[in-house]
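Trainee: Sequence and predicted structure are below.
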Amino acid sequence: MKTKSLDGKVVKIVSNRYTVRADDGKEYRAYARGKLRLQGDIYVGDNVKIVFERGDAVIDMVKPRINQLVRPFVANVDSALIVVAKEPEPDMLLIDKIIINCYLEGIKPVLLYNKADLATEEEIETLFAPYKEHIDCVVLSALEKRGLEELGKYIEGNVVCFAGQSAVGKTSLLNAILDLNLKTDGLSAKIKRGKNTTRHVEIYQAFGGDVMDTCGFSMLSIVSINPEELIYYYPDFIKYQDDCRFKSCTHREEPDCAVKQAVERGEISKARYQRYLDIYEEINEHKRRLYD
């Protein structure tokens, strides 16, 4: 007898049990064949084929991915909705790394300023200023349900992933979008750091698209590119670099660097440029350790 099979998408993973939303409109809790786990992790967002054996749903095949992110572990993402807020204090180095990873994977980054009810317009504009020419920026308040209609435009017809630090309000935004009651703990009163309440990645349907709720994180590495390639992931640098004396200019120590001159004139954010130098050195150090 022919084994029944269905195509579907992994929408939740907890303790090696996979929830698959199948093409028949139903969700199944499935196991994965051992050979698949040996070949590599299965991510939320993976497109899979499931078969049924002795009444159990089993993931029989993982289809090729369009892209993937490793922090958070998600696959086949159209857009990353990067959430920042006044509190906890924005980790802009982390934000820049997420954006670079998005460019590497062909994912559209969108910068969201949540908790706008706590911030002034000047504070929001200051944070957005280095990015808004190249990245869509949206002002939101989950508490006031402000900006949700605009947010919906980025979700409709897409698979999107919330990303950012803990306690910036990713889950609160999801609650506001779907009228859910997912647990949020907010900030630690003593140290103003987020307490991570999302323990796994899960996909929810909203605005005609799929939304991935992810755990917050505070560290992200970029190790898949060479340091001299980093310049191509800074669109705010690219329009100047043809005027550098050297075509191979990395905008660090080279003379007559048009990017450094733009920083001095205030046309490129000094803080963002310094983060570029920090990321360059991090990638360079990783490369040195790799070959030492």
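Mentor: Happy to help now that I have it.
Trainee: I'd guessed Arg21 sits against Asp7; true?
Mentor: No - here Arg21 does not reach Asp7: they are 10.2 Å apart, not a contact under Cβ atoms under 8 Å. Every residue, glycine included, has its C-beta placed from N, CA and C.
Trainee: more crowded one of the two?
Mentor: More neighbours surround Arg21 than the other of Arg21 and Asp7, with 17 against 14 (other Cβ atoms under 10 Å).
Trainee: what about Asp117, how many neighbours?
Mentor: 12.
Trainee: which non-adjacent residue is nearest it?
Mentor: Closest residue in space to Asp117, ignoring its immediate chain neighbours: Ser141 at 4.6 Å, by Cβ to Cβ, 6 or more residues apart in numbering.
Trainee: show me what contacts the one you found?
Mentor: When contacts are counted by Cβ atoms under 8 Å, 6 or more residues apart in numbering, Ser141 touches 114-117, 147.
Trainee: and the gap between it and Arg54?
Mentor: According to Cβ to Cβ, to the nearest Å, Ser141 stands 50 Å off from Arg54.
Trainee: ok, back up a step: run through the bridge partners of the residue nearest to Asp117.
Mentor: Here Ser141 sits in beta bridges with Arg146, going by DSSP bridges.
Trainee: for the stretch 51-200 of the chain, what are the low-confidence residue spans?
Mentor: In the predicted model, the stretch 51-200 of the chain carries pLDDT under 70 at residues 71, 179-199.
Trainee: So what's the residue count around Asp23?
Mentor: Other residues lying near Asp23 total 9 when counted by other Cβ under 10 Å.
Trainee: Gly34: neighbouring residues, count only.
Mentor: Around Gly34 there are 8 other residues, counting by other Cβ under 10 Å.
Trainee: what's the answer for the one 5 residues further on, then?
Mentor: The burial count assigned to Gln39 is 11, neighbours taken as other Cβ under 10 Å.
Trainee: likewise Leu148?
Mentor: Using other Cβ under 10 Å: Leu148 sits among 18 other residues.
Trainee: again with Ile66
Mentor: By other Cβ under 10 Å, 15 other residues sit near Ile66.
Trainee: I'd assumed Asn47 was in contact with it.
Mentor: No - using Cβ under 8 Å, Ile66 is not in contact with Asn47; the gap is 9.1 Å.
Trainee: and for those two, which residues touch both?
Mentor: In contact with both Ile66 and Asn47: Asn76, using Cβ under 8 Å, 6+ apart.
Trainee: what are the ranges of the helices in the stretch 51-200 of the chain?
Mentor: 92-105, 121-128, 148-155, 170-178 (DSSP state H, counting those that start in this stretch).
Trainee: The third one to helix 170-178, inter-axis angle?
Mentor: The reference is to helix 148-155. If you take axes from the mean of the first three to the mean of the last three Cα atoms, to 10 degrees, helix 148-155 sits at 100 degrees to helix 170-178.
Trainee: buried set for helix 148-155?
Mentor: Buried positions in helix 148-155, judged by neighbour count with 16 or more other Cβ atoms under 10 Å: 148, 151, 154-155.
Trainee: Closest one to Leu36 out of those, please.
Mentor: Ile155 (29.5 Å; Cβ to Cβ).
Trainee: Which residues does the longest helix along the chain contact?
Mentor: Taking DSSP state H as the criterion, the chain has its longest helix at helix 270-291. With Cβ under 8 Å, 6+ apart as the test, helix 270-291 has contacts from 92-93, 96-97, 100, 130, 221-223, 225-227, 230, 234, 236-237, 250-252, 259-260, 263.
Trainee: residues contacting Leu127?
Mentor: Neighbours of Leu127 in contact, by Cβ under 8 Å, 6+ apart: 84, 90, 92, 113.
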